[in-house]
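**Q** only geometry, no sequence info:
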């Protein structure tokens, strides 16, 4: 009898492991396909990333590269990150189908809506960052008071900076979405978000200090929109609780 119970308990575990391997396999496939597509369009993406540089430094300004293989590695890195963005719908789908059996019907509907909103907001954050975050960050760095150096910016460090700023901005745009979802699922109450403002300000200051150039004004300029997103998250978390109560 005990052997039969052990066999039954092992079977669901083996099923979950099989499902996990299938999900991981699809994740790898989607990333490979996305990176392949990203490599095909890497020239376009690199030019798109350089647009803020030309807007700040002038159309005649050029980025230099310091080693023969620098351009190749830049295109490969851009292809990988662009591939992750292109493959995002498939990645989300794989994660959703893995966790779907453990969710209730209401939770599945909420997760479907949230994944769609996450994708849209992520894309909005990417284009917002390219249009505003990267130019503002570049202007702040170039206007930093120091010796009278001549600016010769290298291709690889600039692309890394642009990709980092774009990724950070896109992820920060997801903050209100995640706060809404956590409150709608009942995992975090909106009052918890409200009472955690001081902690959020401290974390915001730490994140801004890491992402911004080394001066107080740039840090404050970055802190303001992040805290605004947090306040928007508090409002939408209250809306989530109101919507959840209405559906009961």
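**A** Yes, it's here. Here the structure is a predicted model, which is why all the values come from computation and not from measurement.
**Q** can we go C-alpha only for contacts and neighbour counts from here?
**A** Fine.
**Q** How much space separates the residue nearest the centre of the chain from residue 128?
**A** Geometric centre of the chain, nearest residue: residue 171, 3.1 Å, by CA atoms, centre = their mean. The gap separating residue 171 from residue 128 is 12 Å, by CA to CA, to the nearest Å.
**Q** One more: residue 26?
**A** Counting by CA to CA, the gap from residue 26 to residue 128 is 30 Å.
**Q** element containing the residue nearest to residue 122 when sequence neighbours are not counted?
**A** Leaving aside its sequence neighbours, residue 122 sits nearest to residue 170 (CA to CA, 6 or more residues apart in numbering; 5.2 Å). Per DSSP states H and E: residue 170 is located in helix 155-173.
**Q** So for that helix, what gets flagged as buried?
**A** Under the neighbour-count criterion of 16 or more other CA atoms under 10 Å, helix 155-173 has 155-156, 158-159, 162-163, 165-170, 172-173 buried.
**Q** With stretch 179-191 instead?
**A** Residues 179-185, 189-190 are the ones in stretch 179-191 that count as buried (16+ other CA under 10 Å).
**Q** okay, residue 225: pLDDT?
**A** Here, the pLDDT recorded for residue 225 equals 84.
**Q** How about residue 217?
**A** For residue 217, the pLDDT comes out at 66.
**Q** Provide the secondary structure category for residue 62.
**A** State at residue 62, reduced to three classes by DSSP: H, G, I helix; E, B strand; the rest coil: coil.
**Q** Count the residues that sit near it.
**A** Number of residues near residue 62 (other CA atoms under 10 Å) recorded here: 15.
**Q** where does the protein have low pLDDT?
**A** Filtered on pLDDT under 70, the chain yields the residue ranges 1-16, 144-150, 211-215, 217-218, 245-248.
**Q** switch to 50 and redo it
**A** Scanning the chain with the threshold set as pLDDT under 50 gives 1-10.
**Q** Can you show me the helices along it?
**A** Counting by DSSP state H, the chain has helices at residues 2-40, 42-57, 70-86, 88-99, 105-128, 134-142, 155-173, 175-184, 190-195, 197-211, 216-247.
**Q** what distance separates the last one from the centre of its chain?
**A** The one in question is helix 216-247. Distance of helix 216-247 from the chain centroid (CA atoms, centre = their mean, to the nearest Å) equals 17 Å.
**Q** cool, and stretch 158-166?
**A** 13 Å.
**Q** Which residues does it contact?
**A** 46, 49-50, 74, 125-126, 129-130, 133-134, 211 (CA atoms under 8 Å, 6 or more residues apart in numbering).
**Q** ok, now stretch 122-134?
**A** Contacts of stretch 122-134 (CA under 8 Å, 6+ apart): 49, 52, 162, 165-167, 169-171, 173-174.
**Q** Could I get the buried residue list for it?
**A** For stretch 122-134, by 16+ other CA under 10 Å, it's 122, 125-126, 128-131, 133-134.
**Q** Looking at those, which one is closest to residue 113?
**A** Closest to residue 113 out of the buried residues of stretch 122-134 is residue 122 (14.1 Å), distances taken as CA to CA.
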